[in-house]
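Peer 1: Fold the following, please.
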Amino acid sequence: MQNIANSGVATLTPHLCREARTLLDLEPGEVAFIARIDPSKLQAFEAHQVDLPQPTLISLRRVFERVGAEFTPEEPQRGVRLRASR
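Peer 2: Just a heads-up that it's a prediction; the model follows:
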(Lines give C-alpha, C1' and ligand atoms only; values in the text may rest on other atoms or scores of the structure.)
Protein backbone atom coordinates (compact mmCIF):
# COMPACT_ATOMS: atom_id res chain seq x y z
CA MET A 1 0.00 0.00 0.00
CA GLN A 2 1.30 3.45 -0.89
CA ASN A 3 2.20 5.65 2.07
CA ILE A 4 0.39 8.98 1.57
CA ALA A 5 2.69 10.76 4.03
CA ASN A 6 5.72 9.91 1.87
CA SER A 7 4.15 10.27 -1.56
CA GLY A 8 3.85 14.06 -1.69
CA VAL A 9 0.08 13.79 -1.37
CA ALA A 10 -1.53 15.75 1.42
CA THR A 11 -3.23 13.90 4.25
CA LEU A 12 -7.01 14.04 4.31
CA THR A 13 -8.00 16.69 6.84
CA PRO A 14 -11.47 17.11 8.36
CA HIS A 15 -11.99 20.19 6.18
CA LEU A 16 -10.97 18.38 2.96
CA CYS A 17 -13.12 15.39 3.89
CA ARG A 18 -16.24 17.49 4.35
CA GLU A 19 -15.41 19.55 1.26
CA ALA A 20 -15.03 16.43 -0.91
CA ARG A 21 -18.20 14.86 0.45
CA THR A 22 -20.18 18.04 -0.15
CA LEU A 23 -18.72 18.57 -3.63
CA LEU A 24 -19.71 15.03 -4.60
CA ASP A 25 -23.17 15.44 -3.02
CA LEU A 26 -22.70 12.44 -0.73
CA GLU A 27 -24.30 11.95 2.67
CA PRO A 28 -22.07 10.96 5.61
CA GLY A 29 -23.82 7.59 5.82
CA GLU A 30 -23.11 6.83 2.16
CA VAL A 31 -19.40 7.59 2.50
CA ALA A 32 -19.15 5.71 5.80
CA PHE A 33 -20.84 2.64 4.30
CA ILE A 34 -18.52 2.54 1.28
CA ALA A 35 -15.42 3.20 3.43
CA ARG A 36 -16.64 0.68 6.02
CA ILE A 37 -16.47 3.01 8.99
CA ASP A 38 -19.00 4.08 11.61
CA PRO A 39 -20.99 7.11 10.34
CA SER A 40 -20.72 8.79 13.74
CA LYS A 41 -16.91 8.59 13.53
CA LEU A 42 -16.98 10.26 10.11
CA GLN A 43 -19.18 13.05 11.40
CA ALA A 44 -17.01 13.51 14.50
CA PHE A 45 -13.90 13.65 12.30
CA GLU A 46 -15.44 16.31 10.06
CA ALA A 47 -16.34 18.29 13.21
CA HIS A 48 -12.71 18.09 14.43
CA GLN A 49 -13.78 16.01 17.45
CA VAL A 50 -11.74 12.86 16.77
CA ASP A 51 -8.70 11.81 14.78
CA LEU A 52 -8.97 8.84 12.47
CA PRO A 53 -6.20 6.29 11.92
CA GLN A 54 -4.14 6.68 8.74
CA PRO A 55 -5.60 3.53 7.08
CA THR A 56 -9.11 4.98 7.54
CA LEU A 57 -8.04 8.31 6.02
CA ILE A 58 -6.58 6.45 3.05
CA SER A 59 -9.83 4.52 2.64
CA LEU A 60 -11.90 7.70 2.73
CA ARG A 61 -9.66 9.42 0.22
CA ARG A 62 -9.90 6.46 -2.16
CA VAL A 63 -13.70 6.54 -1.92
CA PHE A 64 -13.74 10.22 -2.89
CA GLU A 65 -11.27 9.68 -5.72
CA ARG A 66 -13.25 6.74 -7.14
CA VAL A 67 -16.38 8.87 -7.21
CA GLY A 68 -14.64 11.72 -9.02
CA ALA A 69 -12.77 13.98 -6.59
CA GLU A 70 -9.27 15.20 -7.24
CA PHE A 71 -7.20 16.51 -4.34
CA THR A 72 -4.82 19.37 -5.05
CA PRO A 73 -2.01 19.43 -2.48
CA GLU A 74 -0.09 22.37 -3.92
CA GLU A 75 -0.29 25.77 -2.26
CA PRO A 76 -2.08 28.11 -2.83
CA GLN A 77 -4.58 25.85 -4.63
CA ARG A 78 -4.80 23.20 -1.88
CA GLY A 79 -8.24 21.72 -1.81
CA VAL A 80 -10.50 19.38 -3.70
CA ARG A 81 -12.20 19.65 -7.07
CA LEU A 82 -14.07 17.47 -9.50
CA ARG A 83 -11.75 15.46 -11.70
CA ALA A 84 -11.82 16.60 -15.32
CA SER A 85 -13.36 14.13 -17.75
CA ARG A 86 -10.99 12.66 -20.30
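Peer 1: secondary structure element for residue 80?
Peer 2: strand 79-82 (DSSP states H and E).
Peer 1: which helices and strands sit right next to that strand?
Peer 2: Applying 3 or more CB pairs under 8 Å, 6 or more residues apart in numbering; DSSP states H and E, one finds that strand 79-82 contacts helix 14-23, strand 69-72. Bear in mind the C-beta positions are built from the backbone N, C-alpha and C, glycine included.
Peer 1: What mean pLDDT does the longest helix seen in the chain get?
Peer 2: Assignment by DSSP state H gives helix 54-67 as the longest helix of the chain. The average pLDDT for helix 54-67 rounds to 95.
Peer 1: Pull the distance from it to the chain's centre.
Peer 2: On the basis of CA atoms, centre = their mean, to the nearest Å, helix 54-67 sits 5 Å off its chain's mean C-alpha point.
Peer 1: Run through the neighbouring helices and strands of it.
Peer 2: In terms of contacts (3+ CB pairs under 8 Å, 6+ apart), helix 54-67 is packed against helix 14-23, helix 28-35, strand 69-72.
Peer 1: With mean neighbour count and distance to residue 60 added, can I get these in a markdown table?
Peer 2: A markdown table is the format used below for the helices and strands packed on helix 54-67 (neighbours: other CB atoms under 10 Å; distance: least, CB to CB, whole Å):
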| stretch | mean neighbour count | distance to residue 60 |
| --- | --- | --- |
| helix 14-23 | 19 | 6 |
| helix 28-35 | 17 | 5 |
| strand 69-72 | 16 | 10 |
